[in-house]
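Asker: Based on what follows, work out the 3D shape:
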Amino acid sequence: MNNLHFKPKDILTNPNQIEEDLSLERTLRPQSFNEYQGQEKIKENLKILIGAAQHRREPIEHVLLCGAAGLGKTTLAHIIAREMGAGIKVTSGPAIERVGDLGSILTNLTEGDVLFIDEAHRLNKLIEEVLYPAMEDFKLDIVIGKGPSARTLQLDLPHFTLIAATTRPGLLSSPLRSRFGITFRLDFYQLADIENIISRSAKLLDIKTQTEAIKLIATAARSTPRVANRLLKRVRDFAQVRGDGAISGPLSKEALAMLEIDQLGLEPVDRQILNLIIEKFDGGPVGLQALAAAINEEQDTIEDLYEPFLMQLGFIVRTPRGRVATRQAYEHLGLKYLDSNQNKLL
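Answerer: The predicted structure follows:
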């Protein structure tokens, strides 16, 4: 077997945001709860939360949004701010390197503003310490000077709402998690919701798309809106070069085959992982470290980028002894599944 090595940015179905997504997402981003497809329970809860806060004429509680990349956490934060009639300041955990950076952001907020921090699990611990009083008491403690002459200056902050997004909530410290008034976990989308997202995006981009094509693209979109929009863009390019610009079912199938994306949205690297577990490790169990070494990839990349969807499909299972390929994985790859393999899942 060829030991292919793909960088995450090379993976077409990578749910993480890449540079080419920025302009597309600005165009296609829903502006209200009515336009936002899926996550119905979360939307209903947010409507109640916002409605109650508006009735009391105060900002909503701090909100933590968890879920895999590409599921719409940033979009949801913008919608919350818009529904509240508030301004929104956007930053990310890695971008806040010093306490002064956070202090500058907080002091520039106005009453009722929303501060959105993406990748909150990557916040520096010192930054978290400054956030605690800001979230609880709307106070900012600034230390002036060093050593015995150092003194603390406390500034009042406007009442704001912190919305934090994370793909790895387990990496957030307990003190930080406890300061959020409410936590929402975004799930992978239902096929019907992905189809609605693609239909809406096609209309906004003025792309003629047949129903069969929408279903094919949606099935290959890994239950993720960002991937769905990216695939729509790629298939549109294919249609403009190989066809008349309209996206038909057969043309979509041909485009996805050319991109090496199968009917479930698996790319070569996904199939390589499954083949390695089945053929090299006899179906598993195999530890993450051994699997990462075999595929020549970082452990975090496998955990964050590939495993969530493979587990969503039911192709791999995490056991106390390691990763195990399931009957569905064997059948998808056209390999024979032995009944003795079932014991490995226990």
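Asker: Can you classify the one residue sitting closest to the centre of the chain by secondary structure?
Answerer: Central residue of the chain (C-alpha atoms, centre = their mean): Ala69, 1.4 Å from the mean position. Judged by DSSP: H, G, I helix; E, B strand; the rest coil, the three-state class of Ala69 is coil.
Asker: From Leu305, how far off is it?
Answerer: Taking C-beta to C-beta, to the nearest Å as the measure, Ala69 falls 8 Å from Leu305. Quick note: C-beta positions are derived from backbone N, CA and C, even for glycine.
Asker: what does Gly103 give?
Answerer: Distance, Gly103 to Leu305, using C-beta to C-beta: 34 Å.
Asker: what about those two, which has more around it?
Answerer: Neighbour totals were compared for Gly103 and Leu305, and Leu305 leads with 22 against 18 (other C-beta atoms under 10 Å).
Asker: Look up how far Leu76 lies from the more buried one.
Answerer: Leu305 is 22 Å from Leu76, by C-beta to C-beta.
Asker: How about Ile273?
Answerer: 30 Å.
Asker: do the same with Val99
Answerer: In this view, Val99 and Leu76 are 28 Å apart by C-beta to C-beta.
Asker: Same check on Lys125?
Answerer: Counting by C-beta to C-beta, the gap between Lys125 and Leu76 amounts to 27 Å.
Asker: Kindly report the same for Lys215.
Answerer: Noted for Lys215: a distance of 26 Å to Leu76, by C-beta to C-beta.
Asker: Do a quick rundown of the helices in the stretch 1-150 of the chain.
Answerer: Assigned by DSSP state H, counting those that start in this stretch, the stretch 1-150 of the chain shows helices spanning 21-28, 40-56, 73-84, 99-107, 125-136.
Asker: quick one: contacts of the last one?
Answerer: Just to be clear, that refers to helix 125-136. Residues outside helix 125-136 that contact it (C-beta atoms under 8 Å, 6 or more residues apart in numbering) are 62, 96, 99, 102-103, 106, 123, 139-141, 157, 162, 173, 175-176, 179.
Asker: Buried subset of these, written for ChimeraX?
Answerer: In ChimeraX syntax, the buried subset of these is picked out as below (16 or more other C-beta atoms under 10 Å):
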select :62,96,99,102,103,106,123,140,141,157,162,176,179
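Asker: chain center to the helix or strand Ala329 falls within, what's the gap?
Answerer: Secondary structure assignment for Ala329, by DSSP states H and E: helix 327-333. Centroid separation for helix 327-333 versus its chain: 26 Å, with C-alpha atoms, centre = their mean, to the nearest Å.
Asker: what ranges do the strands span in the chain?
Answerer: Along the chain, counting by DSSP state E, strands occupy 63-66, 88-92, 114-118, 139-144, 151-156, 161-166, 182-185, 316-319, 322-325.
Asker: Please save the CA atoms from the fifth one in PDB.
Answerer: Once non-C-alpha atoms are left out, strand 151-156 reads as follows in PDB (Å, rounded to 0.1, in the frame of the first residue of the first chain):
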ATOM      1  CA  ARG A 151       0.000  47.700  42.400                       C
ATOM      2  CA  THR A 152      -3.300  46.600  41.000                       C
ATOM      3  CA  LEU A 153      -5.700  48.900  39.100                       C
ATOM      4  CA  GLN A 154      -9.300  47.800  38.700                       C
ATOM      5  CA  LEU A 155     -11.300  49.100  35.700                       C
ATOM      6  CA  ASP A 156     -15.000  48.800  35.200                       C
END
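Asker: Report the buried residues of that strand.
Answerer: For strand 151-156, using 16+ other C-beta under 10 Å, no residue counts as buried.
Asker: Also stretch 259-272?
Answerer: Neighbour counts over stretch 259-272 (16+ other C-beta under 10 Å) mark Leu259, Ile261, Asp262, Gly265, Leu266, Glu267, Val269, Asp270, Arg271, Gln272 as buried.
Asker: per-domain residue ranges of the chain.
Answerer: 39-185, 191-258, 266-345 (automatic domain parsing).
Asker: mean confidence for the shortest one?
Answerer: Computed over domain 191-258, the mean pLDDT rounds to 89.
Asker: Please name the nearest non-neighbouring residue to Val286.
Answerer: Gly322 (4.8 Å; C-beta to C-beta, 6 or more residues apart in numbering).
Asker: ok so, going back, quick one, which of the domains of the chain gets closest to Leu28.
Answerer: Closest to Leu28 of the domains of the chain, according to C-beta to C-beta: domain 191-258, at 5.0 Å.
Asker: and the closest one, how far from the chain's centre?
Answerer: Domain 191-258 sits 20 Å away from the centroid of its parent chain (C-alpha atoms, centre = their mean).
Asker: Provide a list of residues in contact with Leu106.
Answerer: Counting by C-beta under 8 Å, 6+ apart, Leu106 touches Leu115, Ala134, Leu140, Leu157, Phe160.
Asker: Would you mind confirming that the fourth one makes contact with Leu115?
Answerer: Right, Leu157. No - taking contacts as C-beta atoms under 8 Å, Leu157 lies outside contact range of Leu115: 10.2 Å.
Asker: Please enumerate the shared neighbours of the two.
Answerer: Counting by C-beta under 8 Å, 6+ apart, the common neighbours of Leu157 and Leu115 are Leu106, Leu109.
Asker: Export the strands of the chain as CSV, with columns for distance to Leu232.
Answerer: Putting the strands of the chain into CSV (distance: least, C-beta to C-beta, whole Å) gives the following:
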stretch, distance to Leu232
strand 63-66, 24
strand 88-92, 25
strand 114-118, 24
strand 139-144, 44
strand 151-156, 47
strand 161-166, 24
strand 182-185, 26
strand 316-319, 28
strand 322-325, 31
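Asker: Thank you kindly, that will do.
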